[in-house]
Each structure stands twice: as C-alpha cells, then as structure tokens.
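Trainee: Would you be able to build a 3D model of this:
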Amino acid sequence: LSNRQILPIFLLYFITSAAFLVFFAQMFYERERHFILDRDVFIVRDLQHHLQNKLQKNGEIDDDDFDDVEAFAVNLKTGEEIEDDFEPREGMPSRYKDGTSSVAQFYLKNRLGEEEYYVAVKVADPEFAILTLKLKIIFFSFMILLAILVIAYFIIRLSLRPLYRRIDFLNGFIRDTTHEINTPLSVILMSIEMFETDPKKYLNNIKTASKTISTLYEDLTLVKLSGKDDVAATSFSLSELVRERIGYFGLNLEQKNINLSTQIDEVQLRSSYKKTRKIIDNLLSNAIKYCDENGSVSVNLTPVALAISNSGAGIAKENLPRIFDLYTRFDERNGG
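Mentor: Modelled structure (predicted):
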C-alpha cells in the first residue's frame, strides 16, 4: 500500500478521535467555567450571610471570622480595622478586578438597619481562572492527541503487517517466476528456429519447455491465490515418480553436459502426489541449476531417504538455517 492509500485510513482515525476529544473537552470546559463563576459568588455570599447573622446575634464581628479568606474589614462607627489583609481602592464598584484577583465589597447592618461594618473580600479573578482552565485543557488535549497519533501509527503498522508480508511474498514469487520463465521461452523460440534441422529433437525440446511453463503455473496454485490446495494423500510408487522427473529434466542435463548417476530402490509412498512431485522437481532443478557445466548430479532413493546432490559449490554453513525460507537463494547468478 502506498502512503496515499494509508493516509485516508490514518486521517479517518485521527479526525474521529479528535472530534470526540473536542466534544468532551468542550463539555468539561463549560462545566468547570460555570463552577468557577459560581464558586466565588457562593464564597462571598456565604461569608456575608455568616457575618450578618453573627452581627444580628452578637452585636459584633471579629478577625476570627476572616481566617479562611483574604479580607479587609472596618467598624464604621469606631473606625477600628478588624482585618487588614489588603487595602481596597476607593470609589470602586461593589466588585472590581485587582490584578489576578477580584474584590467584592459589601456592608453589614445592625439590628436598627444602620450600616455598621464595611467588608472587602479578595477572591480569585474568574477570568484569570478561566484562562488557566483553557490553557490546561489545550495542553492536555495536545498530549492526548499526540498519544492518539502514536497509537494510530502502531495500530496501522500492526494491522497492515500481515498484508505487507503477503505483498512481499507475492513480489518475490513473481520476480523469481518471471526470471525462470525466460529459460523455457528461450528454448521454445530457439527450437522453432532450428525445427527443420531435426524436427524430432526440437519438438521434444518444445514439449519439455512447455512442461516447465506448466510447472510454473502449478507454482501459482501452490501460492494459494485461489484459496484452495489439494493435499489429499494417495499411495503411489515413489521410484516411478523419481524416474519420471529425471526424464523430465533430461534436456537440462544434456544442455550443461552433466553426468547423471542414479541408484533407485523400489519404494511405495502414501502422501500428496502433487506436492511430492513439486519437492522432487525443486531438488532436481536446483541440483542442475547450481551445478557447473560438465559436472555431475547424483540421485539416490532408499526406503528411508531420497538424496539428490551435485558437484557444485554447495551451501555455506551459515546459510543452512535458511534453506527452508521461501524463495531464498544464496547464488545470485541463478534464479529460484
């Protein structure tokens, strides 16, 4: 898959997640904003109610009533300052801003309805608190979006990993098959050109090359592109199958002038005929392909083993653990 194909999937996940995040962040912001606006009003209202009740009951208030708040209080009759945490500004409305705080002013009346005390209370400025709330929400939203991006990246990587493996597998198979098909096609074309000189010989070459192409087609079915695979086990003569496949590769042996030696015992086998033939073809093909010209190939079949070897360079010891990896080759001079 290209980046252009992955991008819509990523954007869909990201935009959906971001939309939910914005929705819940907005709900949280509205709730907290109303709480901030109401909180300071309640603090001032409760304090005023408490002081007024105490004044009506006891006839006075004292500095202990302001332990939990920052306040300024003065007895209007005597001029005594009961609390002086800060100095309120004169000529200001009942509520005004003072830096990052807000000051609320009110008067307490005695039993006769006369204003007896002036009180100013400093509380957090709601606008500053709301701004702080916005910054916190933006910061945490950014961190969550960053986490969503990271999660989305790994989810896409994990979900597409099997697909990428399959694509790599198919690309490797197609590459090797395309390379291998060149040989039988070349044989067919050359045999057609030389057909008149020895029709019988070159007709046999064409048949052999056609069988090779047919084998490549069978390889396609083994990749399970159709989703089906015939693995039914049957009883057959392994000896006859080995002899048949040796004959199939006879022209390949002649082309490289390879000396063939065989020792084949009579062996019966119960297995998948198709897959067994594929294994033998693969072993013989590689033995011939990686054998030098004028070299030798040996085929030995006993009731317990089938051994096919050649006089080529062989496989390096460090590559032996990888011999069962699909489409792995250690000699770049030859395909397969």
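
Trainee: quick one: buried residues of stretch 296-303?
Mentor: Residues 297, 299, 301 are the ones in stretch 296-303 that count as buried (16 or more other C-beta atoms under 10 Å). C-beta coordinates here come from the backbone N, C-alpha and C atoms, glycine included.

Trainee: I'd like the mean pLDDT over stretch 319-336, please.
Mentor: For stretch 319-336, mean pLDDT is 60.

Trainee: if we can go back for a sec, could you dump the buried residues of stretch 296-303 into a markdown table with distance to Glu318 added?
Mentor: Listed next are the buried residues of stretch 296-303 as a markdown table, based on distance: C-beta to C-beta, whole Å:
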| residue | distance to Glu318 |
| --- | --- |
| Val297 | 25 |
| Val299 | 27 |
| Leu301 | 30 |
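
Trainee: Give me the subset of the residues you listed lying in strands.
Mentor: Among those, the members found in strands (DSSP state E) are 297, 299, 301.

Trainee: Flag the shaky bits of the stretch 201-336 of the chain, pLDDT-wise.
Mentor: 219, 222-231, 316, 324-336 (pLDDT under 70).

Trainee: mind listing the strands for it?
Mentor: Along the stretch 201-336 of the chain, counting by DSSP state E, counting those that start in this stretch, strands occupy 234-237, 259-264, 268-271, 296-302, 305-310.

Trainee: Out of these, the one nearest Glu116 is which?
Mentor: Proximity to Glu116 (C-beta to C-beta) singles out strand 268-271 among the strands of the stretch 201-336 of the chain, at 109.3 Å.

Trainee: For the closest one, enumerate the helices and strands it packs against.
Mentor: Where contact means 3 or more C-beta pairs under 8 Å, 6 or more residues apart in numbering; DSSP states H and E, strand 268-271 is packed against strand 234-237.

Trainee: To Arg111, which of the strands of the stretch 201-336 of the chain lies closest?
Mentor: Nearest to Arg111 among those is strand 268-271 (111.1 Å), distances taken as C-beta to C-beta.

Trainee: buried sites along that closest one?
Mentor: Leu269.

Trainee: Adjacent strands (with direction) for it?
Mentor: With DSSP bridges as the test, strand 268-271 is paired with strand 234-237 (antiparallel).

Trainee: Now render the strands of the stretch 201-336 of the chain as CSV, adding distance to Ala152.
Mentor: Listed next are the strands of the stretch 201-336 of the chain as CSV, based on distance: least, C-beta to C-beta, whole Å:
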stretch, distance to Ala152
strand 234-237, 51
strand 259-264, 59
strand 268-271, 47
strand 296-302, 55
strand 305-310, 51
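
Trainee: now for those, which one comes closest to Gly99?
Mentor: Proximity to Gly99 (C-beta to C-beta) singles out strand 268-271 among the strands of the stretch 201-336 of the chain, at 89.7 Å.

Trainee: Distance from that closest one to the middle of the chain?
Mentor: Relative to the mean C-alpha coordinate of its chain, strand 268-271 is positioned 45 Å out (C-alpha atoms, centre = their mean, to the nearest Å).

Trainee: cool, stretch 235-248 as well?
Mentor: In this view, stretch 235-248 has its centroid 48 Å away from the chain centroid, taken as C-alpha atoms, centre = their mean.

Trainee: Fine by me, thanks again.
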